[in-house]
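J.: How does the following fold in three dimensions:
(chains A and B)
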Amino acid sequence: MLAVAVDRLRPIVLPTAFGAGLLLLWQATVVVFDYPKVILPAPSDIALALHADLPVIWQQAIPTVRDTLAGFALATVLGVGLASLLSFSRLLRDALYPLIVVIQLVPKIAWTPLFIVWVGIGWQSRLTVATFIAFFPIFIAMMAGLEATDRSLVRLCRGLTATPGRTFWLVRLPASMPYLFSGLKIAITLAVIGVIVAEFISSSEGLGFLILKSAALLRTDLILAAIAVLCVIGLASYGLVHAGELAVRRWQGG
Amino acid sequence: MTDIGLRLARVESLDLSALGRTALRLAAPPLVAALLLLGSWEALSRTGVLSKRLLPAPSLVFDTLVRSIGVLLEQAQPTFWGAVLGILLAAALGIVLGAAVSYSRTLMQAVYPTVVFFQLIPKVALAPVFLLWFGTGFGANVIFSVFIAFFPVMVATIAGLQAAPPAYERLCRSLMMPKWQMFLTVRFPFALPHIFNGLRIGVTFAVIGVVLGEFITAQTGLGYIILFSANNFETALLLAAILLLCGVGVVLFAFFLALETIVMRIYDSR
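T.: Numbering: from 1, shown residues only, chains lettered A, B, ... in the order given. Next up is the predicted model:
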């Protein structure tokens, strides 16, 4: 009995112990070698900064979260919409899909300054960057999902004289869901990255701005506290997508 | 005999023309679409609907690229070599550490979630900290690039090393094969497709890492040119620099694709 319980707990206990060990090692290193706080603050320093400056971090986290989620939502609508549109027309698909795949290879972060030239330094540029970089994985995954639909099912629908719209709604769309969610999971992490980079380059609000400002003030503890909050945001939004996947899967009955 | 030979030859030539037609059918629509897009972009810029500051015509971008090719190539070098060094170091570290961690199941279970955690968090946010630690030169950009390209390679290596079918491992064990030999002949070959997958993600991350470092320190490189021209509203130069950066990305990506083909062929032929 005990052995079974221990075996089941291993996947939880081992990583937790490893993570705690890393943090302890970090704390011990700082204490033993007496690093200045500017270079390497100890986890305890970061916790103190997090506690003391929580209102500031919280205030800057709001625009970051808002722009990330808005960009992600917009990218989902655009990616799913365009992929669905292309699945109805072979010619359109053959013409546009290879182009988008090629554009996809480009380091997309590099476009950020261009968007700032286009739409200014406000939230619009951050939204554009997040949408732009989250769009591609969603579109590509949705295309793959729509292509991967079981051929015999589609033929069956055609044999039963279903319209292409009905076939799409009843067969192709449900079949593409696992693919779509794998794309959405990549996209949500990229959306956070896009917003942060846009805030680095030019912004007067957001966690990226706070990080860069703290770097200029040599407040390394505040940088890492902001990053800790950012990690929580990243993981929470990833968890949200994962929960959405579970809900859709249950709704689909399997 | 000759009869059969002739017919075979005819079939082959038929296949070739069919192949050509398939290639044409696949390549023509995207090419036409690209030409249409570029043409209407050019036309809209010429007629002044699109402002030159916001979106200069393709011809102007090309002119700028040709005119400033000296400066652009000079600035492309730190970016290119930074990304090359970044991905090579990240590949070496990721594969070696991934293999080391996979050696023991306990170690793997302890470390893997932490690595996946690092994979999920927005690591680009750490760029200013890296610059604080390692200065603002070429070296700092490379280190940051290694840091963000490393995780996909390590995750792929660990996942790949679990991918060998259990039957193979049982066979090896019953043949009393030593662990290192089993690693070399079974587990590593099965992991290779996964590792190359990770490397392909890592390559794009390595380029992003270097460019982001150049954005923040703003001293050299294509990232610097992009930021500089954006600040001066020289959009044509900005687009030319992005075009060259795409070239850098595609060259690196193609290199790893070629490497994958070669390595897989060597392993398949054995």
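J.: Please count neighbours and contacts with C-alpha atoms only from this point.
T.: Will do.
J.: Can you show me the helices along the chain?
T.: Using chain A. Counting by DSSP state H, one finds helices in chain A at the ranges A:2-33, A:43-52, A:54-88, A:90-104, A:112-119, A:123-147, A:151-159, A:164-167, A:173-201, A:207-216, A:220-251.
J.: The intended chain is chain B.
T.: Going by DSSP H, chain B shows helices at B:2-46, B:58-67, B:69-102, B:105-120, B:127-134, B:138-161, B:166-174, B:179-182, B:188-217, B:221-231, B:235-269.
J.: just to revisit the earlier point, now the helices of chain A in TSV, with mean neighbour count, mean pLDDT and distance to B:Arg21?
T.: Shown next, in TSV, are those (neighbours: other Cα atoms under 10 Å in any protein chain shown; pLDDT from 0 to 100; distance: least, Cα to Cα, whole Å):
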stretch	mean neighbour count	mean pLDDT	distance to B:Arg21
helix A:2-33	13	83	54
helix A:43-52	17	90	64
helix A:54-88	19	93	23
helix A:90-104	15	84	15
helix A:112-119	22	87	39
helix A:123-147	25	91	23
helix A:151-159	13	83	25
helix A:164-167	14	83	28
helix A:173-201	24	90	31
helix A:207-216	22	90	51
helix A:220-251	18	91	42
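J.: Dump the ones you listed to JSON lines, plus distance to chain B.
T.: Output for the helices of chain A, formatted as JSON lines (distance: least, Cα to the nearest Cα, whole Å):
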{"stretch": "helix A:2-33", "distance to chain B": "4"}
{"stretch": "helix A:43-52", "distance to chain B": "14"}
{"stretch": "helix A:54-88", "distance to chain B": "12"}
{"stretch": "helix A:90-104", "distance to chain B": "4"}
{"stretch": "helix A:112-119", "distance to chain B": "6"}
{"stretch": "helix A:123-147", "distance to chain B": "12"}
{"stretch": "helix A:151-159", "distance to chain B": "21"}
{"stretch": "helix A:164-167", "distance to chain B": "23"}
{"stretch": "helix A:173-201", "distance to chain B": "6"}
{"stretch": "helix A:207-216", "distance to chain B": "6"}
{"stretch": "helix A:220-251", "distance to chain B": "5"}
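J.: would you turn those into TSV with distance to B:Trp81?
T.: Converted to TSV, the helices of chain A look like this (distance: least, Cα to Cα, whole Å):
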stretch	distance to B:Trp81
helix A:2-33	32
helix A:43-52	35
helix A:54-88	32
helix A:90-104	22
helix A:112-119	22
helix A:123-147	25
helix A:151-159	46
helix A:164-167	50
helix A:173-201	22
helix A:207-216	26
helix A:220-251	29
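J.: So for B:Lys179, which of those sits nearest?
T.: Of all these, helix A:2-33 sits nearest to B:Lys179, with 24.0 Å by Cα to Cα.
J.: tell me the angle the closest one makes with helix B:105-120.
T.: Counting by axes from the mean of the first three to the mean of the last three Cα atoms, to 10 degrees, helix A:2-33 lies at 60 degrees to helix B:105-120.
J.: Helix A:2-33 to helix A:43-52, inter-axis angle?
T.: Using the same axes, to 10 degrees, helix A:2-33 lies at 90 degrees relative to helix A:43-52.
J.: Could you report the distance from the residue lying closest to A:Arg93 once chain neighbours are set aside to A:Met177?
T.: Nearest non-adjacent residue to A:Arg93, counting by Cα to Cα, 6 or more residues apart in numbering or on different chains: A:Leu86, 4.9 Å away. Using Cα to Cα, to the nearest Å, one obtains 17 Å as the distance from A:Leu86 to A:Met177.
J.: just B:Arg25 next, same as before
T.: Counting by Cα to Cα, the gap from B:Arg25 to A:Met177 is 30 Å.
J.: same deal with B:Leu44?
T.: For B:Leu44 relative to A:Met177 (Cα to Cα), the value is 39 Å.
J.: Please apply the same query to A:Ile100.
T.: 21 Å.
J.: Kindly report the same for B:Asn232.
T.: For B:Asn232 relative to A:Met177 (Cα to Cα), the value is 45 Å.
J.: again with A:Pro43
T.: Distance from A:Pro43 to A:Met177, by Cα to Cα: 41 Å.
J.: What of A:Ala61?
T.: Distance from A:Ala61 to A:Met177, by Cα to Cα: 31 Å.
J.: Show the contacting residues for residue 82.
T.: No chain in the question, so chain A it is. A:Phe139 (Cα atoms under 8 Å, 6 or more residues apart in numbering or on different chains).
J.: Can you look at chain B instead?
T.: B:Gly82 neighbours (Cα under 8 Å, 6+ apart): B:Phe138, B:Asn141, B:Val142, B:Ser145, B:Val207, B:Val210.
J.: Could you pull up the residues touching the fifth one?
T.: The neighbours of B:Val207, taking Cα under 8 Å, 6+ apart as the test, are A:Pro107, B:Thr79, B:Phe80, B:Gly82, B:Ala83, B:Ser145, B:Gly249.
J.: thought the third one was touching B:Val248?
T.: I take that to be B:Phe80. Yes. Using Cα atoms under 8 Å, B:Phe80 is in contact with B:Val248, at 6.2 Å.
J.: For stretch A:44-62, report the contacting residues that lie outside it.
T.: So stretch A:44-62 is contacted by A:27, A:37, A:205-207, A:210, A:221-222, A:224-226, A:229-230 (Cα under 8 Å, 6+ apart).
J.: Swap in 6 Å and give it another go.
T.: For stretch A:44-62, the external contacting residues (Cα atoms under 6 Å, 6 or more residues apart in numbering or on different chains) are A:Gly206, A:Leu207, A:Asp221, A:Leu222, A:Ala225.
J.: Once you drop chain neighbours, what's closest to A:Pro43?
T.: A:Gln27 (6.0 Å).
J.: repeat for B:Cys246
T.: Nearest one to B:Cys246, counting by Cα to Cα, 6+ apart, is A:Val106 at 5.1 Å.
J.: Check B:Ala240 too.
T.: B:Leu65 (5.2 Å).
J.: Also B:Cys172?
T.: Among residues not flanking B:Cys172 along the chain, B:Met182 sits closest, at 6.6 Å (Cα to Cα, 6+ apart).
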